[in-house]
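Enquirer: Let's see this in three dimensions:
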Amino acid sequence: MLETVRCVLRPPVPGDLPDVQSLYRSEKVRAHLGGPRPPEEVERAFDEMLKNPGPSWVIRQRRHDAFIGMISLDPHHDGEATEISFQILPEFWGEGFGTEAVRTVIRHAFDEKGLDRLLAETQAANTASRRLLTRLGMEEAGRVMRFGAEQIIYSLEKKDFI
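Expert: All right, here's what the predicted structure looks like:
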């Protein structure tokens, strides 16, 4: 379990499935992620998360236990590094919860997992995620066409993380 001032990040448990389904069904959340995913696909992915919870966390608000979103560390598509990925429900956008959670998982990746570098990939059109990544010190490392849209790959070295 990881904690921030306002959030608790913990591995998913079976009771989180309805919240995770709402995240993956949200048109707004999934606008830059290929669109909403069908319930059966989410269930299969969630079962995998339960079997291998290490790299995935549910983000909950500390005060009310409200579900905020998900964050994970996974191999990047290109296989060159570990990627940090996150999805936050729209009602928590612009409140700093994403920044808190991402910062905490970056710190965990560098200090506890011993990683020296992290990547993040987001659609060029996803300006909010791009701002968050830049705010945390990630720099643009390249652009690719993937998933039918231009993606920006961000990179952060441990030595550059404050």
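Enquirer: send the alpha carbons of the helix or strand bottoming out on mean pLDDT in the chain over as CSV?
Expert: None of the helices or strands of the chain scores lower by mean pLDDT, DSSP states H and E than helix 39-51, at a mean of 89. C-alpha atoms of helix 39-51 as CSV (Å, rounded to 0.1, in the frame of the first residue of the first chain):
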residue,chain,number,x,y,z
PRO,A,39,-17.7,-5.1,-19.4
GLU,A,40,-16.5,-8.7,-20.2
GLU,A,41,-13.1,-7.3,-21.3
VAL,A,42,-12.8,-5.2,-18.1
GLU,A,43,-13.7,-8.3,-16.1
ARG,A,44,-10.9,-10.3,-17.8
ALA,A,45,-8.4,-7.5,-17.3
PHE,A,46,-9.5,-7.1,-13.7
ASP,A,47,-9.1,-10.8,-13.0
GLU,A,48,-5.5,-10.5,-14.3
MET,A,49,-4.9,-7.5,-11.9
LEU,A,50,-6.1,-9.7,-9.0
LYS,A,51,-3.8,-12.5,-9.9
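Enquirer: Just the buried positions in it, please.
Expert: Buried residues in helix 39-51, counted by 16 or more other C-beta atoms under 10 Å: 42, 46, 49. Where you see a C-beta, it was placed from the backbone N, CA and C, and this is true even at glycine.
Enquirer: From the residues you listed, pick the one nearest residue 85.
Expert: When the buried residues of helix 39-51 are ranked by distance to residue 85 (C-beta to C-beta), residue 49 comes first, at 12.3 Å.
Enquirer: list the contacts for the closest one?
Expert: The contact partners of residue 49, by C-beta atoms under 8 Å, 6 or more residues apart in numbering, come to 12, 56.
Enquirer: And the strands in this protein?
Expert: 2-3, 7-10, 56-61, 67-75, 82-88, 117-123, 139-146, 149-157 (DSSP state E).
Enquirer: where's the second one relative to the chain centroid, distance-wise?
Expert: Just to be clear, that refers to strand 7-10. 13 Å (C-alpha atoms, centre = their mean, to the nearest Å).
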